[in-house]
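Asks: need a 3D model of the sequence below.
(chains A, B and C)
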Amino acid sequence: MIETPTTPPPASRSPMVKNIIRESGIAIALLLLVLVFSLTTEHFLTTANVTNILTQVTINLILGVGITFVILIGGIDLSVGSVLALCAVVGGTVMNLPGLGVIEAVTFATLASVAVGIACGMLNGLISAYWGLPSFIVTLGMLNIARGAALTVTDARTIYSFPPAFNAFGSQTFFGVPLVFLVALLLVLVSWFVLTRTVFGRILYGIGNNEEAVRLAGHPVFWYKVAAFTIAGAAVGVGAMIYVARLNIASPIIGVGFELNAIAAVIIGGTSLNGGRGSVLGTLLGAFIIGVLANGLVLLGLSDFMRQMITGGVIILAVIVDKYRERLST
Amino acid sequence: MRLSKLLTVSALAVSLAVPAMTGAAFAQDKPVVGLVMKSLANEFFKNMLEGAEAHAAEKGTYELRAVGMQSETDIETQINAVENFITQQVDVIVIAPADSRALIAPLKRAADAGIEVVNIDVELDPQAKTDAGVELAFVGPDNREGARMSGDTLAAELGQGGKVVILEGNPGADNAIQRKLGFDDSIAANGLELVDSRTAHWETEEANSVFTNMLTANPDIQGVMAANDSMALGVVKALEAANRTDIKVVGFDNISAIRPMIQEGKVLATVDQFGSQMAAQAIDKALEVLAGAPPLEGWIKTDLALITADTQN
Amino acid sequence: MSDRHLVKESEAGMPETIASVPSPSGSALKLTQIKKRFGGIIALDGVDLALERGEIHGLVGENGAGKSTLIKTLCGIVHRDSGTMTLGGQPYEPSGPREAKRAGVQVVHQEFNLMPHLTVAENVCFEHLPRQWGVFLDRDEMNARARKALDAVGLSEVPVTANVQSLGIALRQLVEIARALMSDSSILVLDEPTATLTSHEAQRLFQLVHELADKGVAVLLVTHHLNEIMDHCDRITVMRNGVSVETMPIAEASTERLIQSMVGRRLAGELASDHPSFATDKVMLSVRGLVHTSSKNSKGVSLDLHKGEILGIGGLVGAGRTEFLRALFGIESASSGSILRNGRTTPYSKPSEAIKDGIAFVTEDRKDEGLILRMPIAANICLADMRKVSSRGLLSRSRETSLAKKLGAKLALKYGGPQDAVSTLSGGNQQKVVLAKWLSRDPKILILDEPTRGVDVGAKAEIYALLRDFAAEGRGLIVVSSEINELMALCDRILVMANHRITGELKRPEFSEENILRLAYQFGDDSQTGVH
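Replies: Here you go, the predicted structure:
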């Protein structure tokens, strides 16, 4: 630390401006990517392709938004991919229960899926907060539990018949914007509001920065932590139903490795893995950077292996840029 | 896109790969068969295990002990399972190896210990077997031939010069490589044009995204060869989203979810390699050798069948 | 690293052999007109400093005067913009801490640089771990070297194989000094070495410092404790606003003159102890036999706090004062005892219960427990009472800002804007933010643990004035402090703790350093255990 001078420091930037600086760094990177792909490929900037990209980022975005809550309090959730599979197969099973009308079936299935997500998330939170365990380990356990449960529920079989109306929802677009993406966007906006405008959100940021200070200020840190994990779980439940609607299958082996993509979106979006710093808007941009890269590099005709290397490079680059950005904004 | 499947896979491997032992422990009189499977989360291997269990129950002349993995690439658990079977002094090991080279050394130890070892599903690397100085019979389907059959059906529909793309399985996996080769064979023999070939890691969602992007880049695609049916399902959804009914799809494996698609004409063909009977067949062959038949050699091919809307009816 | 070098190390690396400087006097280090700016901020604006061999040279100045930057310049962490440095007559241009150490400049930093999970020996020898066969760690040699180094600083009771983590904070400071002395040094810089030491431990440290100086080492002592300066230094340099204001021999110095020189203005009598008392007879809080779970003493602590009273708790580090406060506030559980306030009799089981009962706790450790440094001042101030700035869970930025401004003004907080991060503030102003946070709840009782730690003289006086205002408003204050002068200046009554119990009570007329220390060293029930 450099000593602060006794002369008053120059008026520092307001948090609003700081946030814009933080977010705009990622946004500029995204715009650059879009520019490069627009110039180098024929189809990138077509309505159909934009629709495709929006569809392709949706699930990662939803999972990423949920994980943002957990990472903001200094935790991590590795279980989202497996929990997604469990939510999907439970939801899928409920939807195929005999004697239900389409609306009931879809409603009950969605409730079941979200309930399963909430249960898994809450369990993650309760266990890690109660015993003070690293959430890395607890959610690694949940990753296996949920996967095993998904296999048990379905006896390792794929569920593949769903009401046509439900599938139509999965592929419906609204002026070129997929309906499922609008759901994700709504989640982003609600989360952004919760994190920046409510007492709840403020305390989550506080916990990520200095848990002890929040505890000594008399707030029930335990329940806030549980809530953060529960929100992540609920997001997974929503994501699972979107998966089922989009792809028309509910299989216990889906979602392997999704957690890493979602965490990557959060980190590229500038949220610190140490907690306390970041935003869901960053996650939105991070998910888009990953989605645009995946899409653009295929359009460019780059090989799978190059694609993987480039994506890895972008993650590391994002963290390096974040280091500089942090200096810039303080 | 999988950022690091490796991490997840190793996480799974560390955690729980509990051998699923079946059968009584002290049935001295009957020969003991150790069955080493791949991931039981995969319907294909689950069917294979159930087929073997049904076979064992039906015949009643041997004791079956089966071990499954958590994931397709969990090599370590397989090696441990083989070593445990050597310790238990089983009579036969039937194995679907997770890696065509890594399992050779432990299997050689098993063979040296007098255990009859039969390789199923994916053939162990012939060169590596020669280098190790071990001869292990392979009972299994010809993935390359199956993929060629599937591809030929697509070629017959499209005719000469048809533009196709391939969705590959996990890079480096032997059945993925063989199926890709089979598709290539078919493309060359029928004069098709290969526009693009990419992996979607056997997965539905990834196949959906990857194929959508391939279609955007190459709107004139006429046919898709998917190295398994899970990926074919993702392709079908992508075609529905893009409103393209003109593009034909073939798959591989004949999983239950693909059957209605074939009925509805959304998928042209798939290939059944009768996985449920593969282990049972291999066990029969090994028991014959125990009973005095000449030792097994080379590749004993199992049945393959092309499944189309016609054959389903 | 060559073998030859290693051999030299193991022979010469001991503190006893530090006196490699032959002549007992003469200029060891000379700085002329050192300047340094960070962006638009001027940190050093012309510093002159000359260290003589064998002298103990005090460096004083308020926080922000540029002392830390100067130390960082000396050890090569910060590179000066202009000015000259010579070491033993040769130009001195350290590119980094490693080179500075090679040149013989050893710095014991204020922040700990120890690795808590390694052993004492590993920490002490970390810079040059002895090797066997070039690769293997020579554990015996390492432990032997560390043993010698620890003995040299009088830490013979500390086992070298213990984990640093298991040592108290005071012992860690001494281990750090032992570590700095492992290498040859002609210059030893001590940055606030006694901040966490009890007076006895500090005494031991200064004894060592004098021995080193006698051997020809030039010691630069940076401290806020002017009594240490007056007791131990040969010459003193005062810094203010990045400039070295004056250097004087000890004979010409006085506490009054130093303070005047540091702050550039005459401090009001805030630091004096003759202020009116606002204490009444009305008891606000009674504690009876409160025993912290980790306490060995089963009798526990009992006290009464009166309305308008400032009650001090003195004692040595480890006397159980902080533990008592934490048990009182419900942060850590009490195994027995009772708290009588507003009709309740049981101890608080969590902080929120104590807060609801009108109690506030300003913790010892601002950075770890009191503040969220990266978050804005307003957010920190509002943290203890979110209801004031929100309705139905929704935050109101304008209410937050106005509350922050109101309390900021009440406490004379010097800040850029309410949305600036707390980390941009000086230590004294950070402490005001902590006070403001609790004031937002209008607490009836304030518990303060080391309220002026790391705060400069000027801010200290302001905080004293604020605390007296709180008492005048009818609040009750419990102040724990290791600075005896602070207790005597602030409090109406002082309780002294030792070994997790209260050993005595002093009223204003009985206040004296001797009385407090006598009670602080009273370990057994009646017997006065000697201290070594």
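
Asks: who in the stretch 51-200 of chain A is up against chain B?
Replies: Residues of the stretch 51-200 of chain A lying close to chain B by Cβ under 8 Å from any Cβ of the partner chain are A:52, A:55-56, A:59, A:78, A:81, A:140-141, A:143-144, A:147-148, A:151, A:155-158, A:160-161, A:171. To be clear about C-beta, it is placed using only N, CA and C from the backbone, and glycine gets the same treatment.

Asks: so of those, which ones are in strands?
Replies: Among those, no residue falls in strands (DSSP state E).

Asks: list buried residues within those residues.
Replies: By neighbour count, with 16 or more other Cβ atoms under 10 Å in any protein chain shown, those hold A:52, A:55-56, A:59, A:78, A:81, A:140-141, A:143-144, A:147-148, A:151, A:156-158, A:160, A:171 as buried.

Asks: restrict those residues to those near chain C?
Replies: Restricting these to those touching chain C (Cβ under 8 Å from any Cβ) yields no residues.

Asks: quick check: the spatially most central residue of chain C vs C:Glu462, distance?
Replies: The centroid of chain C falls nearest to C:Ala195 when counting by Cα atoms, centre = their mean (3.4 Å). As judged by Cβ to Cβ, to the nearest Å, C:Ala195 and C:Glu462 stand 20 Å apart.

Asks: over to A:Thr47?
Replies: 64 Å.

Asks: circling back to that earlier point, so the residue nearest to the centre of chain C sits in a strand?
Replies: No. Per DSSP: H, G, I helix; E, B strand; the rest coil, C:Ala195 lies outside any strand segment and is coil.

Asks: ranges for the strands of the stretch 101-250 of chain B?
Replies: B:116-120, B:137-140, B:163-168, B:193-199, B:223-226, B:248-250 (DSSP state E, counting those that start in this stretch).

Asks: quick one: which of these is nearest chain C?
Replies: For those, the distance to chain C is smallest for strand B:193-199, at 42.4 Å, taking Cβ to the nearest Cβ.

Asks: parallel or antiparallel, list what pairs with that closest one.
Replies: Strand pairing for strand B:193-199, determined by DSSP bridges: strand B:163-168 (parallel).

Asks: and the strand it pairs with, average pLDDT?
Replies: In this model, strand B:163-168 has an average pLDDT of 96.

Asks: show me how far it is from its chain's centre.
Replies: Offset of strand B:163-168 from its chain centre (Cα atoms, centre = their mean, to the nearest Å): 19 Å.

Asks: how about the residues of the stretch 201-330 of chain A by chain B?
Replies: So far as Cβ under 8 Å from any Cβ goes, the stretch 201-330 of chain A lies against chain B at A:243, A:246-249, A:251-257, A:259-261, A:264, A:290, A:293-295, A:298-299, A:301, A:304-305, A:307-308, A:311-312, A:315.

Asks: filter these to the buried ones?
Replies: Neighbour-count burial (16+ other Cβ under 10 Å) is assigned, among these, to A:243, A:246-249, A:251-257, A:259-261, A:264, A:290, A:293-295, A:298-299, A:304, A:307-308, A:311, A:315.

Asks: before we move on, back to that, format the strands of the stretch 101-250 of chain B as a markdown table; extra columns: distance to C:Leu425 and mean neighbour count.
Replies: Formatted as a markdown table, these follow (distance: least, Cβ to Cβ, whole Å; neighbours: other Cβ atoms under 10 Å in any protein chain shown):
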| stretch | distance to C:Leu425 | mean neighbour count |
| --- | --- | --- |
| strand B:116-120 | 71 | 26 |
| strand B:137-140 | 72 | 22 |
| strand B:163-168 | 59 | 24 |
| strand B:193-199 | 54 | 19 |
| strand B:223-226 | 62 | 29 |
| strand B:248-250 | 65 | 27 |
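
Asks: residues of the stretch 51-200 of chain B that sit close to chain A?
Replies: Close to chain A, as judged by Cβ under 8 Å from any Cβ, the stretch 51-200 of chain B has residues B:171, B:196, B:198-199.

Asks: give the contact list for the residue of the stretch 51-200 of chain B found nearest chain A.
Replies: Relative to chain A, the nearest point of the stretch 51-200 of chain B is B:Thr199 (5.0 Å; Cβ to the nearest Cβ). B:Thr199 makes contact with A:304, B:167-171, B:176, B:210 under the criterion Cβ atoms under 8 Å, 6 or more residues apart in numbering or on different chains.

Asks: show me the contacts for the residue nearest to it when sequence neighbours are not counted.
Replies: Distances taken as Cβ to Cβ, 6 or more residues apart in numbering or on different chains place B:Glu168 nearest to B:Thr199, at 4.4 Å, with adjacent residues excluded. Shown in contact with B:Glu168 (Cβ under 8 Å, 6+ apart): B:176, B:179-180, B:197-200, B:227.

Asks: how about the strands in chain A?
Replies: In chain A, the strands defined using DSSP E lie at A:173-174, A:177-178.

Asks: strands paired with the first one, and their directions?
Replies: Its sheet considered, strand A:173-174 pairs with strand A:177-178 (antiparallel) by DSSP bridges.

Asks: what separation do you get for the spatially closest residue to C:Asp234 that is not a sequence neighbour and chain A?
Replies: Computed as Cβ to Cβ, 6+ apart, the closest residue to C:Asp234 that is not its neighbour in sequence is C:Glu55, at 4.4 Å. Relative to chain A, C:Glu55 is positioned 25 Å away (Cβ to the nearest Cβ, to the nearest Å).
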